[in-house]
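Asks: Starting from these lines, generate the structure:
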Amino acid sequence: MLIDLSPLKSPNFRKLFLGQLISAFGSQMTAIIIPFQVYFLTESVLWTGLISGVEFVFLFISSLIGGVLADRFDKKKVLIFAEAILCIIPIGLAINAHFEHPSMLAIFLLAGFASFMNGIHRPALEALTPRLVKKEDLAKVSALAPTRHILTTILSPLIGGVLIVSIGAAATYLIDALTFFVSLLFLLSIRYQGIHAGTPHRVTLKSFFHELMEGKRYIQSRPDIFGSYAVDFIAMVFCNPVALYPALATAFDRVDALGLLYALPSTGALLMTVFSGWTLNVKRCGVFIIFAATSWAFSMFFVGMAPAFAWLLFGLFCAGYFDMMSGVFRMTLWNETIPEEVRGRMAGFEMLSYMSGPLLGNTLLGFMADHYGIQLSLAIGALIALLGLLLFNICNPALWHFKRTPLTSHSN
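Replies: The predicted structure follows:
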């Protein structure tokens with residue numbers, strides 16, 4: 001039942017895992033400080049939600065570009081370029097935070113640029129990871145890789161909150177910059193060219209648009225893959241509560257426990273990951289993806305109706321558990337069935353699905369909460385998500401019927 005750690009025996013995967021774990025720790029602290037700054041500068045959930053809206057616009061553009069770059073160029077070099085830029089952005093945020101009156105425009109622009117560079121970074125990371133392990137270990141990696149995000153989202157809010165109070169936002173941003181520098185050192189030490197001799201670096205003279213259309217046609221040929229993207233998007237876009245955390249803590253008079261709101265979903269996700277051994281033998285991945293997305297929406301409805309802070313935390317814990325269940329099976333589906341030659345572009349589309357949903361959801365709930373109240377907006381969004389999931393899976397049953405099969409080849 002326990003998570004399988006054997007992929008970490010691979011030196012290259014271990015270096016990538018540790019480097020990304022360190023940089024994710026810094027990034028999560030920055031992701032918490034930014035809305036914290038915006039909310040307490042404006043005292044408005046509307047402005048907090050708008051940050052996510054700006055990030056979505058930049059991410060939408062860059063994730064498509066990043067997917068093509070990951071297929072066209074050396075994935076390691078793309079990662080190094082992206083992380084070098086991501087190392088500089090927190091320095092800009094630190095300079096702005098050092099002023100007596102930080103500029104809201106600077107926060108929005110730098111947050112948007114960071115989102116843009118994440119869109120370049122993530123497809124290359126997702127496309128590189130399967131090349132660092134044996135093919136029979138891909139399902140194990142699908143459960144192991146998300147622990148980076150889980151561990152950092154549990155610890156970063158707690159440690160970041162202490163750092164903001166003790167050393168200030170500017171110094172905390174600089175810690176984020178340092179973590180990217182350390183991650184760069186790990187990346188530079190990775191050697192992976194000889195791992196999969198049958199998948200050499202691809203050289204092409206095709207245009208960017210032509211390659212993007214190839215990726216689009218591949219998705220159209222795989223309604224199960226498209227379903228995995230859409231199910232996650234529907235679940236997140238209508239009931240993602242992250243932008244509401246500062247306001248929820250204030251409404252329950254528990255500002256001192258703001259870090260718990262960020263940490264509890266990840267704690268639930270950690271429980272799912274630690275005991276994820278059972279997922280390796282599941283063949284009906286699509287059924288579990290749909291079940292997990294539906295359970296996330298039910299959990300968010302519970303949070304929206306919670307009469308006390310403790311019940312709210314319990315709902316977030318359950319939501320995190322089911323979100324990770326969905327993530328593990330979606331990653332298994334993608335890693336085991338998407339061929340090497342389109343993996344970068346599929347990672348770009350994948351990033352649009354699982355990142356744009358939360359970002360747009362934050363913006364949507366920010367607007368709704370500003371007009372209808374915080375918890376009521378979340379409960380309404382959860383009901384809309386449940387209806388959307390039902391209708392989509394009736395119209396597109398491919399994900400429900402999907403069964404795990406060996407990796408297939410694809411030619412354009």
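Asks: Spit out the contact partners of the spatially most central residue of the chain.
Replies: Centroid-nearest residue in the chain, with Cα atoms, centre = their mean: residue 355, separated by 5.5 Å. Contact analysis of residue 355 by Cβ atoms under 8 Å, 6 or more residues apart in numbering lists 56, 59, 63, 118, 122. C-beta here means a position set from N, CA and C on the backbone, and glycine is covered the same way.
Asks: What of residue 15?
Replies: Residue 15 touches 186, 187, 189, 190, counting by Cβ under 8 Å, 6+ apart.
Asks: Secondary structure element holding the closest residue in space to residue 153 that isn't next to it in sequence?
Replies: Sequence neighbours aside, residue 266 is the residue nearest to residue 153 in space, at 3.8 Å (criterion: Cβ to Cβ, 6 or more residues apart in numbering). Using DSSP states H and E, residue 266 sits within helix 258-274.
Asks: I'd like to know which elements that helix is packed against.
Replies: When contacts are defined as 3 or more Cβ pairs under 8 Å, 6 or more residues apart in numbering; DSSP states H and E, helix 258-274 packs onto helix 147-166, helix 245-251, helix 309-337.
Asks: got the buried residues for the longest one?
Replies: Neighbour counts using 16 or more other Cβ atoms under 10 Å place 309, 312-337 of helix 309-337 among the buried residues.
Asks: Over to the first one?
Replies: Of the residues in helix 147-166, those scored as buried under the neighbour-count criterion (16+ other Cβ under 10 Å) are 147-157, 159-161, 163-164.
Asks: The shortest one too?
Replies: When burial is assessed from 16+ other Cβ under 10 Å, helix 245-251 yields the following buried residues: 245, 246, 247, 248, 249, 250, 251.
Asks: what mean pLDDT would you report for it?
Replies: On average, the pLDDT along helix 245-251 is 82.
Asks: quick one, what contacts the closest residue in space to residue 318 that isn't next to it in sequence?
Replies: Sequence neighbours aside, residue 299 is the residue nearest to residue 318 in space, at 4.4 Å (criterion: Cβ to Cβ, 6+ apart). Taking Cβ under 8 Å, 6+ apart as the contact definition, residue 299 lies against 315, 316, 318, 319, 322.
Asks: ok, now with 10 Å
Replies: By Cβ atoms under 10 Å, 6 or more residues apart in numbering, residue 299 lies in contact with 239, 265, 268, 314-323, 382.
Asks: now residue 59
Replies: Applying Cβ under 10 Å, 6+ apart to residue 59 gives the contacts 52, 66, 112, 114-119, 122, 351-352, 355-356, 359.
Asks: same deal with residue 11?
Replies: Here residue 11 is in contact with 132, 189, 190, 191, 192 (criterion: Cβ under 10 Å, 6+ apart).
Asks: Can you pick out the most distant pair from these?
Replies: 132 and 189 (12.4 Å; Cβ to Cβ).
Asks: Of these two, give the one with the bigger neighbour count.
Replies: Counted by other Cβ atoms under 10 Å, residue 132 and residue 189 do not tie: residue 132 has more neighbours, with 22 against 12.
Asks: my guess is that one meets residue 14, correct?
Replies: Yes: using Cβ atoms under 10 Å, residue 132 is in contact with residue 14, at 8.9 Å.
Asks: what's the closest non-adjacent residue to residue 246?
Replies: Closest residue in space to residue 246, ignoring its immediate chain neighbours: residue 39 at 4.2 Å, by Cβ to Cβ, 6+ apart.
Asks: Quick check: which element contains the one you found?
Replies: helix 11-42.
Asks: got the angle for whichever helix or strand comes after that helix vs helix 11-42?
Replies: Counting by DSSP H and E, the element after helix 11-42 in chain order, helix or strand, is helix 45-72. Relative orientation of helix 45-72 versus helix 11-42 (axes from the mean of the first three to the mean of the last three Cα atoms, to 10 degrees): 160 degrees.
Asks: List the buried residues for helix 45-72?
Replies: Under 16+ other Cβ under 10 Å, the buried positions of helix 45-72 are 45, 47-56, 58-60, 62-72.
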